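>>> here are the coordinates; sequence isn't available:
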């Protein structure tokens, strides 16, 4: 084992200690006034109840899937390929790896949510002192899950790799741990879907029945769904995205290790397999330095301070990347500089993504303003204009992903090593994901400030304090959008690496040297590609419908409470928040099952069903399903995330009074134009917070499930 | 040449005579009252002015493209492969074929529009007598372009095939006529886009400024944009779809002929190359019998009579298919029955499509009703619900296309002939397109009845007459939706055949026996696929934005007229219809250029740009662009066409008073729910009538341009 490998456990442990210190710092602060504490407590209770229920559903599903996967892979694939391990050995190892991945992913979601919820009221309270204090609480609160999750992923993959014999058989062990990645994505999909359905159903339901029907303002305490709405921000954005990025880092590490096997086989240097883990460790350190450097100067826009920290993290990532490549991958080739270059391409891609997302979703730029402008002629033109903007964003997304792939592949081939082209794209993906803990911290920053704002509103804080959390909330919207762009583009980069890993694994299981042919000109492969695109549309349809079905349940409940307790509207009776929370939780968990099972079941069914038709085996059909499904999923997610963000900010732009009428007077809240913009915002919600983020997970789930299940298709 | 080939000229001539007889029958009828005649005249003038302007723009573009294509293909591809023809010979043949295709396509559009416009007022007048008479006029009027267009396509392809030496070198001539298909699709794309932008911009503009701002009813004569709206139905639906289906039949004939070459090379039987033309000829005859059998019985729903005629056409198509296969393709194989089976699969596919489209867009079924139901909570839930329905339709579309391809391919292979699998899918496509003249007649039926309804409204016809044309209008909406489903699924079937033809042509130009590998596992091919999906989204974005940009011009103009001439609203002053028509025409033609050039320029740029990167040639990258772009285009079109249709009919469902509130009372026009449904209808308009139908053409344009340009990529 290369000496530098010690940074992996070291960085993992440092990150955990760092997170614990931050958590203690946040928790020792005051949770605010009694009113704030009460509201914070209700949010915590609601979120806790939802997660308990959600994870018990997911737990049952996971156990069933673990057994099924182990059995299928063991029975149908166990007679092939792996020396010294019998069918039963493969079965239990795959099943256990799956459960380990699922468990780690679940723990990541839990941690993210709990710390975020605990930070809400503290951030609201800190905002009564100063903007700087409030930013500190929100960022530190966000960093706790950010670092814990990435550390857990790093240590988890390393541990299971060595537990499955990585020290003695470094070229076999990565094949045994693929179940870990699948377990992680399985939980992530349900966490993201369930949380996403919950949060947007609560949001839509609260708005429709409160603002539209009863005519009371947003976050008004008389609305029974308002706590459910606040709970939703935590369970959707924190728990969901935490699980999502946990499985991203885990699955991509495993995929890159599989790619490294081919070069290990030639060079005999195990560093090619361990490289991804070491780079990730340096990424944690670079991100930590970045977070520590975030300091607000005077009254500046907090986004600027966050961006400074991000650029510092980027700079240290570049240093870490060059150092790791020069130490680990320089043996046997004098051209290691090309691989470092590929890594830098990946790191820079994350910077480009930040700019693109800002361009498409901030009201400073043309796209969002054009949507605000279109609202003047009503909701229909608002929707049409937002759809056009969303579709347009696929151009930038596709070009960035395409260029990064081509460049890093080309740089890989310049090393002269066989198979290093694909490894170049893997290095780029690793590079892009180095700043993952930083980005994840920013992401959780979003719901914390959002909730702090809601708590201030509900506890009747003064105008000055509201203005601070309003500003923070706007920053949080931007950071949430950035994370989605980051998650999406990294999924695109990772996709290529993951299905190269799939192809390598097919070759391994077939017992041949290479398998590198996915021929779209075959009719059954073409049909596989067709079904892949369809799958993306169908999944989106079901995810969106789940939100509106759940929202209708909430609307019924709030209406019932208004009807049966007339004192609620006059402020005399407290609404039954807990019941609304409970109804939302039950409905959203029921509704997550159908869309969640689609990407799990479809590849297996298609792979098995096409086997008799394809005159060879169906590995190629499944590969096409995976590749084209990934492409379609990323393009669709780009549309959904960005159009949703743009609709949201177009509404905010009008609310800020920045849109002017023909005579130059500001068109503000309550106007016809504003009402039209609210329609766009509401339509965008399930797209950007349910279907879009779930599509990232779907894309990676397709990769991990096909990696695990590929013995079935051969 | 096989003796049966005489049916090709015979059917072509019979179809033309049939169309002339029908046209005389319609034109000799009375154009109605003076008021009706006046309105009909204004529509004719507006449509004529638009088409003249549109086709002069398209004409200039075509000449430039013809020269460019001829030069590029001649200079860069002329040194390869074709015996006895030098670079200049290839250049002029390609250029001339392009212009011939472009011209025929343009003529098809013109004919469709003129007869349809002439039938409008006559149909309105006939509706004063009886439903039966009105149906007769609309159907006969629709059948004129239906049969003329298909006859033109058949005779055009046959003529240029023989003009380019088909009698002596049957295996070379199909390669020389690919320019014909490209010319046809080039014009079709601009016709569909320009017409689609015009019609929906006029519709949106008229509605927004009339219904929403001024509060006057639809089709009210005080609205200056109302004539533009009526003109739009003709130039968008008739001229656009006419050009679309012309190029479908032409391009698919040429593609199937290229596929036949491979089997001709083995069997020496030219029937394999000529088969597509003969089947098309039998399709014309079968469709003619079907049209002649449409008879309304008593007061029945006209849709029933149309469906009876369709089933008769289907039955005769099956007979024609079996006869043609048994006569032409039975030599040398005893298994010709399998090919006939593939043809029947195609024919039955068209029946299945009819059912699926009806299920998703008619208010009798769940999807449309669920949208109407969702309108109760406002425009946002209406949009979300319609989007979910639209996404869901991709399931049925993909499964139908996938099954038809797999089945017909498998049947092809069962003949035991090499390469007959792909030929099987070609036979299925030919089978599906046999009923094309019938479907096209139904399609033009739509705008004729729509306009007749508008003319009755504007000329103040009585309630009883209105009810007849209202009923006809609803039937027209269904037939229009059916045609779109038919065009979409046939494009999907044809896609596979067209890129098999592309691969055969690459092999031919490379001078090798076969080329049958499009390997998605190569990074540059994967990026090609990524760009393909992006292209579909970007094109949709630009097409949609073109509609709203144009609509805003119309809104400005109508507002100006209302402001400057207050007498318009009181009915004292006649609005300046011509000016509104002219402004719409100019704006929509300007806006069609950008989206129209995208699919023409992008494949060439990508093909050339990837050449230095790909270590082989870029033929594979372009193939991936073509195949994955086709898949994404069809799925996106399925979403757009069906969601648009469902939104439209959900609104109609509410207007008919069929949606009930909690107390069982009907929720009708003017309610909050109805307003929400109108938003959905308006959003759906540019999707279903501009972007969606243009995507069919885009898909086929990608095929024809890559077929023509493939010498550039090698």
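Nice, I can see it. Everything numeric in this text was worked out from a predicted model, so none of it was measured.

>>> please count neighbours and contacts with C-alpha atoms only from this point.
Noted.

>>> may I see the buried residues of stretch A:158-173?
Using 16 or more other CA atoms under 10 Å in any protein chain shown as the burial criterion, the residues of stretch A:158-173 that qualify are A:158, A:160-162, A:164, A:166, A:170-173.

>>> pull up the distance across it, start to finish.
Terminal residues of stretch A:158-173 lie 11 Å apart, using CA to CA, to the nearest Å.

>>> mind showing which ranges of chain A have poor pLDDT?
For chain A, the stretches flagged by pLDDT under 70 are A:77-84, A:332-334, A:613-616.

>>> next up, the contacts around the residue of the stretch 201-350 of chain A found nearest chain B.
When you check the stretch 201-350 of chain A against chain B by CA to the nearest CA, the closest residue turns out to be residue A:208, at 7.2 Å. For residue A:208, the contacting residues are A:555, B:377, taking CA atoms under 8 Å, 6 or more residues apart in numbering or on different chains as the criterion.

>>> circling back: list just the nearest of the buried residues of stretch A:158-173 to chain B.
For these, with chain B as the reference and CA to the nearest CA as the criterion, the closest is residue A:171, at 22.3 Å.

>>> skipping adjacent residues, who's closest to that closest one in space?
residue A:261 (5.5 Å; CA to CA, 6 or more residues apart in numbering or on different chains).

>>> ok, the one you found touching residue A:275?
No - when contacts are counted by CA atoms under 8 Å, residue A:261 is not listed as touching residue A:275 (11.2 Å).

>>> biggest helix in chain A by residues?
Looking across chain A with DSSP state H, the single longest helix is helix A:463-510.

>>> close to chain B, is the next helix-or-strand element following that one?
Counting by DSSP states H and E, the next helix or strand C-terminal to helix A:463-510 is helix A:523-564. Yes - under the criterion of CA under 8 Å from any CA of the partner chain, chain B is reached by helix A:523-564 at A:523-524, A:526-527, A:529-531, A:533-535, A:537-538, A:540-542, A:544-545, A:548.

>>> hang on, the earlier thing: hmm, the longest helix of chain A in reach of chain B?
Yes - counting by CA under 8 Å from any CA, chain B is contacted by helix A:463-510 at A:496, A:500.

>>> counting contacts, what elements does that helix pack onto?
Secondary structure elements in contact with helix A:463-510, counted by 3 or more CA pairs under 8 Å, 6 or more residues apart in numbering or on different chains; DSSP states H and E, are helix A:241-267, helix A:302-328, helix A:336-361, helix A:379-414, helix A:420-433, helix A:436-458, helix A:619-655, helix A:692-709.

>>> tell me the buried residues in the last one?
So the one you mean is helix A:692-709. Within helix A:692-709, the residues that count as buried by 16+ other CA under 10 Å are A:692-709.

>>> how about the helices and strands packed on helix A:463-510, which one is nearest residue B:579?
Checking the helices and strands packed on helix A:463-510 against residue B:579 by CA to CA gives helix A:379-414 as the closest, at 23.7 Å.

>>> report the angle between the axes of the closest one and helix B:379-414?
Between the axis of helix A:379-414 and that of helix B:379-414 there is an angle of 50 degrees, by axes from the mean of the first three to the mean of the last three CA atoms, to 10 degrees.

>>> now the helices and strands packed on helix A:463-510 in a markdown table, with distance to residue A:665?
Formatted as a markdown table, the helices and strands packed on helix A:463-510 follow (distance: least, CA to CA, whole Å):
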| stretch | distance to residue A:665 |
| --- | --- |
| helix A:241-267 | 41 |
| helix A:302-328 | 29 |
| helix A:336-361 | 24 |
| helix A:379-414 | 20 |
| helix A:420-433 | 45 |
| helix A:436-458 | 28 |
| helix A:619-655 | 12 |
| helix A:692-709 | 36 |
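
>>> among those helices, show me which one is buried the most.
Here the criterion is mean neighbour count by mean count of other CA atoms under 10 Å in any protein chain shown, and of the helices and strands packed on helix A:463-510 the winner is helix A:420-433, at a mean of 31.

>>> near chain B, which residues of the stretch 601-714 of chain A?
Residues of the stretch 601-714 of chain A found near chain B (CA under 8 Å from any CA) are A:624, A:627-628, A:631-632, A:635, A:679-680, A:682-683.

>>> and the furthest pair within those residues?
Top of the distance list for those (CA to CA): A:624 and A:679, 37.9 Å.

>>> can you state the direction angle for the longest helix of chain A and helix A:336-361?
Interaxial angle, helix A:463-510 versus helix A:336-361 (the same axes, to 10 degrees): 140 degrees.
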